[in-house]
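> Take a look and give me a structure for this.
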Amino acid sequence: MDARQQYSGTIMESGDGGPPEKKPLCANEEQIAAELEKEMVTIPPLMYLTEDQRKTLICESQLGCILKKGWVIRIGNERDKNACYLIVDGEAHVFDTKKNFLELIQKGTFFGVDGPLFGKRFYSVMAATSMTILKVPRATFEKMLTKDSAFTLSIARNLVVKHNILAELNGFKTFVRQCKMMRQIDREELIARYTKINSSLHPNCNSPDLDIDAWLYSIRRLPANVTSTFIFHISTKAPDMLSHPDISLPIRTSARPRTILKIIEGKCVVILRDLDTDLFDFLSNLCIHIVESGKILEKLNSPLILKDLMDNRKDQARVVSVLGESSLSSEEVAGLERIWPTNLGEHLANILLHYNDFYIKISEPLSHLKQDPVEKWIIRLWIAVAQLFSLGPKTSASNIPDADMVVDLVQVSLSLDIDIGIKKGVPQPGVALHLHPPQGDNGVGGEDEAEGGDEGLPLRGGQAVRLCPLLFHEPHRRHEGKVRPRGSERNHQDRAG
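Below is the predicted model of the structure:
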(Lines give C-alpha, C1' and ligand atoms only; values in the text may rest on other atoms or scores of the structure.)
Protein backbone atom coordinates (compact mmCIF):
# COMPACT_ATOMS: atom_id res chain seq x y z
CA MET A 1 0.00 0.00 0.00
CA ASP A 2 1.20 3.49 -0.79
CA ALA A 3 2.75 4.99 2.34
CA ARG A 4 1.29 8.34 1.37
CA GLN A 5 -2.18 6.87 1.94
CA GLN A 6 -1.65 4.70 4.97
CA TYR A 7 1.08 2.94 6.94
CA SER A 8 0.69 -0.47 8.55
CA GLY A 9 2.69 -3.23 10.13
CA THR A 10 4.91 -2.95 13.19
CA ILE A 11 4.93 0.53 14.64
CA MET A 12 8.32 1.53 16.05
CA GLU A 13 8.78 4.63 18.09
CA SER A 14 11.98 6.20 19.26
CA GLY A 15 12.68 4.03 22.27
CA ASP A 16 11.69 0.75 20.60
CA GLY A 17 14.74 -1.38 19.86
CA GLY A 18 17.13 1.03 21.55
CA PRO A 19 17.74 4.74 21.12
CA PRO A 20 18.51 6.24 17.72
CA GLU A 21 22.16 5.92 16.85
CA LYS A 22 24.43 8.94 16.93
CA LYS A 23 25.54 9.89 13.46
CA PRO A 24 29.23 10.84 13.07
CA LEU A 25 28.59 13.86 10.89
CA CYS A 26 32.27 14.66 10.44
CA ALA A 27 35.44 15.11 12.43
CA ASN A 28 34.64 18.76 13.07
CA GLU A 29 31.25 18.57 14.71
CA GLU A 30 31.43 22.20 15.80
CA GLN A 31 31.51 23.26 12.15
CA ILE A 32 28.38 21.22 11.46
CA ALA A 33 26.67 22.83 14.44
CA ALA A 34 27.67 26.27 13.16
CA GLU A 35 26.20 25.49 9.74
CA LEU A 36 22.98 24.31 11.37
CA GLU A 37 22.85 27.50 13.41
CA LYS A 38 23.12 29.54 10.20
CA GLU A 39 20.30 27.56 8.61
CA MET A 40 18.06 28.22 11.61
CA VAL A 41 17.77 31.90 10.69
CA THR A 42 15.54 30.85 7.76
CA ILE A 43 13.58 28.11 9.56
CA PRO A 44 10.37 29.24 11.29
CA PRO A 45 9.87 29.44 14.21
CA LEU A 46 13.57 28.94 15.08
CA MET A 47 14.39 32.06 13.09
CA TYR A 48 12.95 34.13 15.96
CA LEU A 49 15.49 32.84 18.48
CA THR A 50 18.43 35.03 19.41
CA GLU A 51 21.96 33.98 18.50
CA ASP A 52 22.61 32.86 22.08
CA GLN A 53 19.35 30.89 22.15
CA ARG A 54 20.21 29.09 18.91
CA LYS A 55 23.62 28.12 20.30
CA THR A 56 22.01 26.89 23.52
CA LEU A 57 19.42 24.88 21.63
CA ILE A 58 22.07 23.10 19.52
CA CYS A 59 24.39 22.56 22.47
CA GLU A 60 21.70 20.97 24.67
CA SER A 61 20.03 18.93 21.92
CA GLN A 62 20.89 15.53 20.50
CA LEU A 63 22.66 16.38 17.27
CA GLY A 64 22.86 13.99 14.36
CA CYS A 65 20.29 11.32 15.29
CA ILE A 66 19.75 8.89 12.39
CA LEU A 67 16.31 7.39 11.79
CA LYS A 68 16.19 4.55 9.29
CA LYS A 69 13.52 4.42 6.61
CA GLY A 70 10.22 3.24 8.08
CA TRP A 71 11.08 4.34 11.61
CA VAL A 72 8.05 5.94 13.24
CA ILE A 73 9.32 8.73 15.43
CA ARG A 74 6.15 8.73 17.44
CA ILE A 75 2.55 7.67 17.28
CA GLY A 76 -0.59 8.65 19.08
CA ASN A 77 0.11 10.18 22.44
CA GLU A 78 2.25 7.85 24.51
CA ARG A 79 6.00 7.49 24.14
CA ASP A 80 8.75 10.00 23.60
CA LYS A 81 6.45 12.94 24.15
CA ASN A 82 9.09 15.07 25.85
CA ALA A 83 10.98 16.23 22.77
CA CYS A 84 10.53 18.13 19.54
CA TYR A 85 12.54 17.75 16.33
CA LEU A 86 14.21 19.51 13.45
CA ILE A 87 14.79 17.61 10.21
CA VAL A 88 18.44 18.12 9.25
CA ASP A 89 18.34 15.80 6.23
CA GLY A 90 15.78 13.50 4.60
CA GLU A 91 12.00 13.50 4.52
CA ALA A 92 9.12 11.98 6.42
CA HIS A 93 5.42 11.22 6.07
CA VAL A 94 2.89 12.57 8.57
CA PHE A 95 -0.15 10.51 9.59
CA ASP A 96 -3.10 11.18 11.88
CA THR A 97 -4.06 8.87 14.74
CA LYS A 98 -6.17 6.82 12.30
CA LYS A 99 -3.06 6.24 10.15
CA ASN A 100 -4.27 8.41 7.29
CA PHE A 101 -1.57 10.24 5.34
CA LEU A 102 -1.57 14.00 5.90
CA GLU A 103 1.54 15.53 4.31
CA LEU A 104 5.21 15.18 3.40
CA ILE A 105 7.77 17.10 5.48
CA GLN A 106 11.39 17.66 4.49
CA LYS A 107 14.67 19.24 5.57
CA GLY A 108 14.19 22.38 7.63
CA THR A 109 10.87 21.34 9.20
CA PHE A 110 10.58 21.89 12.97
CA PHE A 111 7.84 19.78 14.52
CA GLY A 112 6.74 17.97 17.64
CA VAL A 113 5.95 20.86 20.00
CA ASP A 114 2.64 19.19 20.93
CA GLY A 115 4.51 16.62 23.05
CA PRO A 116 6.36 19.00 25.38
CA LEU A 117 3.42 21.40 25.61
CA PHE A 118 0.49 19.00 26.00
CA GLY A 119 2.10 15.71 27.02
CA LYS A 120 0.59 13.91 24.04
CA ARG A 121 0.96 13.64 20.28
CA PHE A 122 -1.63 14.73 17.75
CA TYR A 123 -0.07 12.90 14.80
CA SER A 124 2.65 10.39 13.84
CA VAL A 125 5.75 10.90 11.71
CA MET A 126 7.44 8.08 9.77
CA ALA A 127 10.83 8.38 8.09
CA ALA A 128 10.28 8.09 4.32
CA THR A 129 14.05 7.94 3.77
CA SER A 130 17.06 7.58 5.99
CA MET A 131 16.68 10.77 8.01
CA THR A 132 18.91 12.88 10.23
CA ILE A 133 17.22 14.90 12.95
CA LEU A 134 18.03 17.27 15.79
CA LYS A 135 16.20 16.09 18.90
CA VAL A 136 15.39 18.99 21.25
CA PRO A 137 14.63 17.99 24.87
CA ARG A 138 11.56 19.38 26.57
CA ALA A 139 13.58 21.36 29.13
CA THR A 140 15.56 23.08 26.38
CA PHE A 141 12.43 23.86 24.36
CA GLU A 142 10.65 25.32 27.37
CA LYS A 143 13.71 27.46 28.10
CA MET A 144 13.18 29.15 24.72
CA LEU A 145 9.57 30.06 25.54
CA THR A 146 10.20 33.44 27.11
CA LYS A 147 7.28 35.79 27.76
CA ASP A 148 6.09 37.86 24.80
CA SER A 149 9.02 36.78 22.63
CA ALA A 150 8.59 36.42 18.86
CA PHE A 151 9.47 32.72 19.14
CA THR A 152 6.75 32.14 21.74
CA LEU A 153 4.18 34.07 19.72
CA SER A 154 5.13 32.09 16.61
CA ILE A 155 4.63 28.80 18.46
CA ALA A 156 1.24 30.05 19.71
CA ARG A 157 0.27 31.08 16.19
CA ASN A 158 1.22 27.65 14.81
CA LEU A 159 -0.82 25.88 17.47
CA VAL A 160 -3.90 27.78 16.39
CA VAL A 161 -3.34 27.94 12.63
CA LYS A 162 -1.44 24.73 11.86
CA HIS A 163 -2.31 22.39 14.73
CA ASN A 164 -5.86 23.77 14.85
CA ILE A 165 -6.06 23.20 18.60
CA LEU A 166 -9.06 25.54 18.86
CA ALA A 167 -11.14 23.59 16.36
CA GLU A 168 -13.51 22.20 19.00
CA LEU A 169 -13.85 25.60 20.67
CA ASN A 170 -14.62 27.23 17.33
CA GLY A 171 -17.15 24.48 16.66
CA PHE A 172 -18.80 25.21 19.99
CA LYS A 173 -18.97 28.93 19.21
CA THR A 174 -20.34 28.30 15.72
CA PHE A 175 -23.02 26.02 17.15
CA VAL A 176 -24.08 28.65 19.70
CA ARG A 177 -24.32 31.31 16.98
CA GLN A 178 -26.47 28.98 14.89
CA CYS A 179 -28.72 28.35 17.87
CA LYS A 180 -29.00 32.09 18.44
CA MET A 181 -30.40 32.43 14.93
CA MET A 182 -32.85 29.62 15.67
CA ARG A 183 -33.67 31.31 19.03
CA GLN A 184 -33.30 28.07 20.95
CA ILE A 185 -30.41 25.99 22.33
CA ASP A 186 -30.26 22.23 21.76
CA ARG A 187 -29.08 21.21 25.24
CA GLU A 188 -27.80 17.75 24.34
CA GLU A 189 -25.81 19.00 21.36
CA LEU A 190 -24.51 21.90 23.45
CA ILE A 191 -23.09 19.53 26.07
CA ALA A 192 -21.72 17.15 23.45
CA ARG A 193 -19.75 19.99 21.86
CA TYR A 194 -18.70 21.49 25.18
CA THR A 195 -17.16 18.25 26.47
CA LYS A 196 -14.85 18.13 23.43
CA ILE A 197 -13.28 21.51 24.19
CA ASN A 198 -11.01 20.24 26.99
CA SER A 199 -11.33 23.56 28.78
CA SER A 200 -8.46 24.52 31.08
CA LEU A 201 -11.12 25.90 33.41
CA HIS A 202 -12.77 22.47 33.57
CA PRO A 203 -9.89 19.96 33.43
CA ASN A 204 -11.86 17.02 34.86
CA CYS A 205 -14.83 17.55 32.58
CA ASN A 206 -14.66 14.04 31.14
CA SER A 207 -13.60 12.37 34.38
CA PRO A 208 -16.14 10.53 36.56
CA ASP A 209 -14.77 12.44 39.56
CA LEU A 210 -16.34 15.74 40.52
CA ASP A 211 -14.41 18.82 39.42
CA ILE A 212 -15.15 20.89 42.52
CA ASP A 213 -13.09 23.94 41.59
CA ALA A 214 -14.73 24.25 38.16
CA TRP A 215 -18.21 23.69 39.60
CA LEU A 216 -17.65 26.27 42.34
CA TYR A 217 -16.48 28.75 39.72
CA SER A 218 -19.63 28.26 37.64
CA ILE A 219 -22.10 28.24 40.56
CA ARG A 220 -20.79 31.62 41.72
CA ARG A 221 -21.52 33.00 38.23
CA LEU A 222 -24.92 31.42 37.71
CA PRO A 223 -28.23 32.41 39.35
CA ALA A 224 -28.54 31.23 42.92
CA ASN A 225 -31.62 29.19 42.01
CA VAL A 226 -29.99 27.32 39.12
CA THR A 227 -30.66 23.92 40.73
CA SER A 228 -34.41 24.60 40.71
CA THR A 229 -34.66 26.41 37.36
CA PHE A 230 -35.75 24.59 34.21
CA ILE A 231 -36.24 27.44 31.73
CA PHE A 232 -33.82 30.25 30.92
CA HIS A 233 -35.07 33.00 28.62
CA ILE A 234 -31.98 34.95 27.50
CA SER A 235 -32.09 38.46 26.06
CA THR A 236 -30.26 41.79 26.13
CA LYS A 237 -33.19 43.81 27.40
CA ALA A 238 -35.63 43.25 30.23
CA PRO A 239 -39.22 43.40 28.96
CA ASP A 240 -41.06 46.46 30.28
CA MET A 241 -43.93 44.25 31.42
CA LEU A 242 -41.61 42.76 34.07
CA SER A 243 -40.84 46.09 35.72
CA HIS A 244 -43.60 45.68 38.32
CA PRO A 245 -42.11 44.34 41.58
CA ASP A 246 -44.96 41.86 42.05
CA ILE A 247 -44.31 40.21 38.68
CA SER A 248 -40.64 39.33 38.92
CA LEU A 249 -38.16 38.54 41.66
CA PRO A 250 -34.49 39.52 41.21
CA ILE A 251 -32.03 36.63 41.62
CA ARG A 252 -28.46 37.40 42.56
CA THR A 253 -25.19 35.86 41.41
CA SER A 254 -22.33 36.09 43.87
CA ALA A 255 -19.38 36.65 41.52
CA ARG A 256 -20.80 38.12 38.31
CA PRO A 257 -23.60 40.67 38.68
CA ARG A 258 -26.29 40.22 36.05
CA THR A 259 -29.96 40.98 35.72
CA ILE A 260 -31.73 37.71 36.43
CA LEU A 261 -35.47 37.75 37.08
CA LYS A 262 -37.52 34.84 38.34
CA ILE A 263 -40.93 35.06 36.66
CA ILE A 264 -42.53 31.93 38.07
CA GLU A 265 -41.11 28.89 39.80
CA GLY A 266 -38.61 27.22 37.50
CA LYS A 267 -38.38 30.04 34.93
CA CYS A 268 -35.88 32.92 34.80
CA VAL A 269 -35.20 35.75 32.39
CA VAL A 270 -31.46 36.43 32.00
CA ILE A 271 -30.39 39.84 30.67
CA LEU A 272 -26.91 39.77 29.12
CA ARG A 273 -24.64 42.57 27.94
CA ASP A 274 -24.58 41.07 24.46
CA LEU A 275 -25.51 37.86 22.68
CA ASP A 276 -21.93 37.07 21.76
CA THR A 277 -19.15 36.90 24.36
CA ASP A 278 -21.50 37.27 27.32
CA LEU A 279 -23.71 34.54 25.91
CA PHE A 280 -20.71 32.23 25.55
CA ASP A 281 -19.74 32.99 29.13
CA PHE A 282 -23.19 32.22 30.54
CA LEU A 283 -23.62 29.03 28.53
CA SER A 284 -20.11 27.79 29.34
CA ASN A 285 -20.78 28.16 33.06
CA LEU A 286 -24.14 26.46 32.64
CA CYS A 287 -22.40 23.60 30.80
CA ILE A 288 -20.02 23.13 33.73
CA HIS A 289 -23.00 22.89 36.06
CA ILE A 290 -24.83 20.42 33.79
CA VAL A 291 -21.77 18.16 33.43
CA GLU A 292 -21.05 18.09 37.17
CA SER A 293 -24.75 17.64 38.00
CA GLY A 294 -24.73 14.63 35.70
CA LYS A 295 -21.97 13.10 37.82
CA ILE A 296 -24.11 13.63 40.94
CA LEU A 297 -26.96 11.83 39.20
CA GLU A 298 -24.63 8.87 38.61
CA LYS A 299 -23.12 8.81 42.11
CA LEU A 300 -26.30 9.42 44.13
CA ASN A 301 -28.76 7.48 41.97
CA SER A 302 -30.69 5.89 44.80
CA PRO A 303 -34.23 6.51 46.11
CA LEU A 304 -32.95 5.94 49.65
CA ILE A 305 -30.35 8.69 49.32
CA LEU A 306 -32.95 11.03 47.83
CA LYS A 307 -35.31 10.27 50.73
CA ASP A 308 -32.57 10.99 53.28
CA LEU A 309 -31.69 14.24 51.55
CA MET A 310 -35.34 15.35 51.47
CA ASP A 311 -35.98 14.36 55.09
CA ASN A 312 -32.84 16.08 56.37
CA ARG A 313 -32.41 18.93 53.88
CA LYS A 314 -32.41 21.52 56.68
CA ASP A 315 -29.77 19.61 58.68
CA GLN A 316 -26.39 20.25 57.04
CA ALA A 317 -24.50 17.89 59.36
CA ARG A 318 -26.90 15.02 58.69
CA VAL A 319 -26.71 15.64 54.94
CA VAL A 320 -22.92 15.44 55.09
CA SER A 321 -23.22 12.17 57.02
CA VAL A 322 -25.54 10.74 54.37
CA LEU A 323 -23.11 11.72 51.62
CA GLY A 324 -20.25 10.15 53.55
CA GLU A 325 -22.00 6.79 53.22
CA SER A 326 -22.48 7.19 49.47
CA SER A 327 -20.07 6.56 46.59
CA LEU A 328 -18.73 10.10 46.90
CA SER A 329 -15.18 10.43 48.19
CA SER A 330 -14.47 12.43 51.33
CA GLU A 331 -12.79 15.10 49.16
CA GLU A 332 -15.91 15.35 46.99
CA VAL A 333 -18.18 15.69 50.03
CA ALA A 334 -15.97 18.43 51.43
CA GLY A 335 -15.99 20.10 48.03
CA LEU A 336 -19.78 20.08 47.87
CA GLU A 337 -19.81 21.81 51.26
CA ARG A 338 -17.59 24.50 49.75
CA ILE A 339 -20.03 25.01 46.91
CA TRP A 340 -23.11 25.08 49.13
CA PRO A 341 -22.12 25.83 52.73
CA THR A 342 -25.84 26.05 53.52
CA ASN A 343 -28.86 24.16 52.14
CA LEU A 344 -26.61 21.48 50.63
CA GLY A 345 -29.30 18.80 50.97
CA GLU A 346 -31.90 20.94 49.24
CA HIS A 347 -29.60 21.72 46.28
CA LEU A 348 -28.61 18.06 45.84
CA ALA A 349 -32.22 16.92 46.07
CA ASN A 350 -33.11 19.51 43.44
CA ILE A 351 -30.37 18.18 41.17
CA LEU A 352 -31.59 14.60 41.55
CA LEU A 353 -35.17 15.65 40.74
CA HIS A 354 -34.21 18.22 38.08
CA TYR A 355 -32.34 15.70 35.93
CA ASN A 356 -30.73 18.50 33.89
CA ASP A 357 -33.97 19.20 32.04
CA PHE A 358 -33.02 22.67 30.86
CA TYR A 359 -34.82 24.60 28.15
CA ILE A 360 -32.89 27.62 26.86
CA LYS A 361 -34.55 30.23 24.67
CA ILE A 362 -32.82 33.27 23.14
CA SER A 363 -34.49 36.45 21.95
CA GLU A 364 -32.90 39.61 20.61
CA PRO A 365 -35.06 42.76 20.84
CA LEU A 366 -35.81 44.45 17.55
CA SER A 367 -35.61 47.89 19.14
CA HIS A 368 -33.10 48.94 21.78
CA LEU A 369 -33.23 52.72 22.07
CA LYS A 370 -32.62 52.87 25.81
CA GLN A 371 -29.13 53.40 27.18
CA ASP A 372 -27.14 50.22 26.86
CA PRO A 373 -24.75 48.91 29.56
CA VAL A 374 -21.65 50.53 28.02
CA GLU A 375 -23.32 53.93 27.83
CA LYS A 376 -24.50 53.65 31.43
CA TRP A 377 -21.04 52.83 32.68
CA ILE A 378 -19.45 55.70 30.77
CA ILE A 379 -21.94 58.13 32.30
CA ARG A 380 -21.18 56.84 35.79
CA LEU A 381 -17.45 57.05 35.25
CA TRP A 382 -17.77 60.58 33.89
CA ILE A 383 -19.84 61.74 36.88
CA ALA A 384 -17.24 60.27 39.26
CA VAL A 385 -14.37 61.92 37.39
CA ALA A 386 -16.15 65.29 37.24
CA GLN A 387 -16.76 65.18 41.00
CA LEU A 388 -13.20 64.13 41.76
CA PHE A 389 -11.68 67.06 39.84
CA SER A 390 -14.46 69.57 40.58
CA LEU A 391 -14.88 70.21 36.87
CA GLY A 392 -18.17 71.99 37.25
CA PRO A 393 -21.64 71.28 35.91
CA LYS A 394 -20.98 72.77 32.47
CA THR A 395 -17.96 70.61 31.71
CA SER A 396 -18.84 67.75 29.38
CA ALA A 397 -17.00 64.59 28.46
CA SER A 398 -16.12 66.19 25.13
CA ASN A 399 -13.61 68.43 26.96
CA ILE A 400 -11.58 65.47 28.19
CA PRO A 401 -9.47 64.86 25.05
CA ASP A 402 -8.33 68.51 25.25
CA ALA A 403 -7.25 68.00 28.84
CA ASP A 404 -5.46 64.78 27.81
CA MET A 405 -7.00 62.71 30.56
CA VAL A 406 -6.32 58.97 30.58
CA VAL A 407 -8.22 56.46 32.71
CA ASP A 408 -6.59 53.21 33.76
CA LEU A 409 -8.92 50.38 34.73
CA VAL A 410 -6.72 48.55 37.19
CA GLN A 411 -9.31 45.98 38.21
CA VAL A 412 -12.67 45.21 36.66
CA SER A 413 -14.64 43.01 39.03
CA LEU A 414 -17.21 43.75 41.70
CA SER A 415 -15.51 47.13 42.15
CA LEU A 416 -13.22 49.30 40.07
CA ASP A 417 -9.83 50.70 40.93
CA ILE A 418 -9.35 53.56 38.52
CA ASP A 419 -6.15 55.52 38.09
CA ILE A 420 -6.70 58.88 36.41
CA GLY A 421 -3.88 61.05 35.14
CA ILE A 422 -3.89 64.43 33.44
CA LYS A 423 -0.98 65.56 31.32
CA LYS A 424 -0.12 69.22 31.86
CA GLY A 425 3.05 69.80 29.89
CA VAL A 426 4.74 66.66 31.20
CA PRO A 427 3.37 63.26 32.24
CA GLN A 428 2.06 63.21 35.81
CA PRO A 429 1.17 60.28 38.09
CA GLY A 430 -2.51 59.55 38.22
CA VAL A 431 -5.06 60.05 40.98
CA ALA A 432 -6.63 56.98 42.53
CA LEU A 433 -10.40 56.56 42.35
CA HIS A 434 -12.42 53.65 43.74
CA LEU A 435 -15.83 53.03 42.21
CA HIS A 436 -18.39 50.41 43.21
CA PRO A 437 -21.03 49.19 40.78
CA PRO A 438 -24.41 50.70 41.61
CA GLN A 439 -27.02 48.64 43.38
CA GLY A 440 -30.42 48.01 41.88
CA ASP A 441 -32.97 50.46 43.23
CA ASN A 442 -36.20 49.26 41.72
CA GLY A 443 -38.44 46.25 41.84
CA VAL A 444 -36.75 44.71 38.85
CA GLY A 445 -33.60 44.90 40.96
CA GLY A 446 -31.57 44.07 38.47
CA GLU A 447 -30.93 46.01 35.29
CA ASP A 448 -28.81 48.81 36.76
CA GLU A 449 -27.12 46.52 39.20
CA ALA A 450 -26.29 43.70 36.87
CA GLU A 451 -25.45 45.72 33.83
CA GLY A 452 -23.24 47.88 36.00
CA GLY A 453 -21.13 44.90 37.01
CA ASP A 454 -17.93 43.58 35.52
CA GLU A 455 -19.72 42.45 32.39
CA GLY A 456 -21.02 45.97 31.75
CA LEU A 457 -17.63 47.22 30.60
CA PRO A 458 -16.03 46.48 27.24
CA LEU A 459 -12.61 46.48 28.93
CA ARG A 460 -10.50 44.46 31.30
CA GLY A 461 -8.09 45.28 34.10
CA GLY A 462 -4.75 46.70 33.13
CA GLN A 463 -6.09 48.69 30.18
CA ALA A 464 -5.95 52.44 29.80
CA VAL A 465 -8.59 54.36 27.90
CA ARG A 466 -9.33 57.93 26.89
CA LEU A 467 -12.67 59.33 28.01
CA CYS A 468 -14.75 60.50 25.05
CA PRO A 469 -18.47 61.13 24.72
CA LEU A 470 -20.31 57.86 25.15
CA LEU A 471 -17.35 55.80 23.98
CA PHE A 472 -14.17 54.20 25.23
CA HIS A 473 -11.57 53.73 22.56
CA GLU A 474 -7.89 53.16 21.83
CA PRO A 475 -7.03 50.88 24.78
CA HIS A 476 -3.33 50.85 25.52
CA ARG A 477 -0.91 50.03 28.32
CA ARG A 478 0.54 52.37 30.87
CA HIS A 479 4.06 53.62 30.22
CA GLU A 480 6.32 53.28 33.28
CA GLY A 481 3.41 53.92 35.59
CA LYS A 482 2.67 57.36 34.12
CA VAL A 483 0.27 58.84 31.64
CA ARG A 484 1.68 58.66 28.14
CA PRO A 485 1.89 61.79 25.99
CA ARG A 486 -0.74 62.24 23.34
CA GLY A 487 -0.08 60.27 20.17
CA SER A 488 1.92 57.48 21.82
CA GLU A 489 -1.09 55.12 21.83
CA ARG A 490 -0.59 54.18 18.20
CA ASN A 491 2.77 52.56 18.85
CA HIS A 492 1.30 50.42 21.58
CA GLN A 493 -2.19 49.73 20.28
CA ASP A 494 -1.30 46.24 19.13
CA ARG A 495 -0.13 45.43 22.66
CA ALA A 496 -3.37 46.27 24.42
CA GLY A 497 -3.90 44.43 27.68
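
> Just give me the neighbour total for the closest residue to residue 252 other than its chain neighbours.
Leaving out its chain neighbours, the residue that sits closest to residue 252 by Cβ to Cβ, 6 or more residues apart in numbering is residue 224, at 5.8 Å. Bear in mind the C-beta positions are built from the backbone N, C-alpha and C, glycine included. Residue 224: 16 surrounding residues under other Cβ atoms under 10 Å.

> what sits against residue 224?
Residues near residue 224 by Cβ atoms under 8 Å, 6 or more residues apart in numbering: 251-254.

> 10 Å instead?
Neighbouring residues of residue 224 by Cβ atoms under 10 Å, 6 or more residues apart in numbering: 251-254, 260, 262, 347.

> Return the members of the residues you listed classed as buried.
Neighbour-count burial (16 or more other Cβ atoms under 10 Å) is assigned, among the contacts of residue 224, to 251, 253, 260, 262, 347.

> Which of the three states applies to residue 234?
Recorded secondary structure, residue 234: strand (DSSP: H, G, I helix; E, B strand; the rest coil).

> Look up which residues are beta-bridged to it.
Going by DSSP bridges, residue 234 is paired in beta bridges with residue 270, residue 362.

> going forward can the numbers begin at 8, since that is how I track them
That works, and once the first residue is 8, the last one we named lands at residue 241.

> who touches it in this structure?
Counted by Cβ under 10 Å, 6+ apart, residue 241 has contacts 187, 190, 192, 275-279, 282, 285-286, 289-290, 367-371.

> switch the cut-off to 8 Å
276-277, 279, 282, 286, 289, 367-370.

> just residue 130 next, same as before
Applying Cβ under 8 Å, 6+ apart, the residues contacting residue 130 are 101-104, 109, 121.

> got JSON lines for those, with pLDDT too?
Below are the contacts of residue 130 laid out as JSON lines (pLDDT from 0 to 100):
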{"residue": "101", "pLDDT": "93"}
{"residue": "102", "pLDDT": "91"}
{"residue": "103", "pLDDT": "86"}
{"residue": "104", "pLDDT": "79"}
{"residue": "109", "pLDDT": "92"}
{"residue": "121", "pLDDT": "88"}
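
> could you dump those residues to TSV with secondary structure and neighbour count?
Formatted as TSV, the contacts of residue 130 follow (DSSP: H, G, I helix; E, B strand; the rest coil; neighbours: other Cβ atoms under 10 Å):
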residue	secondary structure	neighbour count
101	strand	17
102	strand	22
103	coil	11
104	coil	12
109	strand	13
121	helix	19
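
> Let me know the closest of the residues you listed to residue 383.
residue 121 (45.2 Å; Cβ to Cβ).

> That closest one reaches residue 129, doesn't it?
Yes: the pair residue 121 and residue 129 passes the contact test of Cβ atoms under 8 Å, sitting 5.0 Å apart.

> Adjacent strands (with direction) for the helix or strand residue 267 falls within?
In the assignment (DSSP states H and E), residue 267 maps to strand 266-271. With DSSP bridges as the test, strand 266-271 is paired with strand 256-257 (antiparallel), strand 274-278 (antiparallel).

> residues contacting residue 89?
Residues in contact with residue 89 (Cβ under 8 Å, 6+ apart) are 122-123, 144-145.

> Tell me the spacing between the closest residue to residue 203 other than its chain neighbours and residue 230.
In space, and not counting its chain neighbours, residue 203 is closest to residue 175: 4.3 Å by Cβ to Cβ, 6+ apart. The gap separating residue 175 from residue 230 is 27 Å, by Cβ to Cβ, to the nearest Å.

> Settle it for me: which of these two has more neighbours?
residue 230 (22 against 16).

> For the more buried one, which three-state class applies?
When classified by three-state DSSP, residue 230 comes out as coil.

> Then residue 371?
Secondary structure for residue 371, judged by three-state DSSP, is coil.

> can you pull the buried residues of the helix or strand hosting residue 328?
Taking DSSP H and E as the definition, residue 328 sits inside helix 323-331. Of all the residues in helix 323-331, those buried under the rule 16+ other Cβ under 10 Å are 323, 326-327, 329-330.

> so where is the stretch 258-407 of the chain shaky, pLDDT-wise?
Along the stretch 258-407 of the chain, the model assigns pLDDT under 70 to residues 374, 380-381, 404-407.

> What helices and strands are in contact with the helix ranked longest in the chain?
Assignment by DSSP state H gives helix 284-306 as the longest helix of the chain. Helix 284-306 sits against helix 174-189, helix 194-201, helix 219-226, strand 238-242, helix 351-361, strand 366-369, with contacts defined as 3 or more Cβ pairs under 8 Å, 6 or more residues apart in numbering; DSSP states H and E.

> Tell me which helix or strand comes right after it.
By DSSP H and E, the next helix or strand past helix 284-306 is helix 310-318.

> Residues in contact with that following helix: which ones?
Contacts of helix 310-318 (Cβ under 8 Å, 6+ apart): 307, 325-326, 329, 333, 352-353, 355-356, 359-360.

> go on, stretch 49-56?
Contacts of stretch 49-56 (Cβ under 8 Å, 6+ apart): 47-48, 61, 64, 93, 115, 117, 151, 156-158, 161-162, 165.

> just curious, which of those is nearest to residue 181?
For those, the residue nearest residue 181 by Cβ to Cβ is residue 165; the value is 22.3 Å.

> Check whether the closest one sits in a helix, strand or coil.
helix.

> Relative to residue 119, how far out is it?
Counting by Cβ to Cβ - residue 165 and residue 119 are separated by 12 Å.

> Repeat that for residue 48.
According to Cβ to Cβ, residue 48 stands 20 Å off from residue 119.

> out of these two, which sits in the more crowded spot?
A count of neighbours by other Cβ under 10 Å puts residue 119 above the other of residue 48 and residue 119, at 25 against 12.

> Secondary structure element holding the residue lying closest to that one once chain neighbours are set aside?
The shortest distance from residue 119 to any non-neighbouring residue, by Cβ to Cβ, 6+ apart, is to residue 91 (3.6 Å). Per DSSP H and E: residue 91 is located in strand 90-96.

> quick one on the thing from earlier: for the helix holding residue 328, the distance to its chain's centre please.
35 Å (Cα atoms, centre = their mean, to the nearest Å).

> That one - contacts with which helices or strands?
helix 310-318, helix 337-346, helix 351-361.

> Select, out of the ones you listed, the one closest to residue 170.
The nearest among the helices and strands packed on helix 323-331, by Cβ to Cβ, is helix 337-346 at 33.8 Å.

> tell me the angle of the closest one relative to helix 219-226?
If you take axes from the mean of the first three to the mean of the last three Cα atoms, to 10 degrees, helix 337-346 sits at 20 degrees to helix 219-226.

> Quick one: list the elements packing against helix 337-346.
helix 219-226, helix 323-331, helix 351-361.

> Just put the helices and strands packed on helix 284-306 in CSV and tack on distance to residue 378.
Output for the helices and strands packed on helix 284-306, formatted as CSV (distance: least, Cβ to Cβ, whole Å):
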stretch, distance to residue 378
helix 174-189, 23
helix 194-201, 32
helix 219-226, 30
strand 238-242, 16
helix 351-361, 36
strand 366-369, 22
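
> quick one: which of these is nearest residue 302?
helix 219-226 (9.2 Å).

> contacting residues around that closest one?
208-212, 233, 291-293, 295-296, 299, 338-339, 342-343, 345-347.

> cutoff 7 Å now
208-209, 292, 295-296, 299, 339, 342, 345-346 (Cβ atoms under 7 Å, 6 or more residues apart in numbering).
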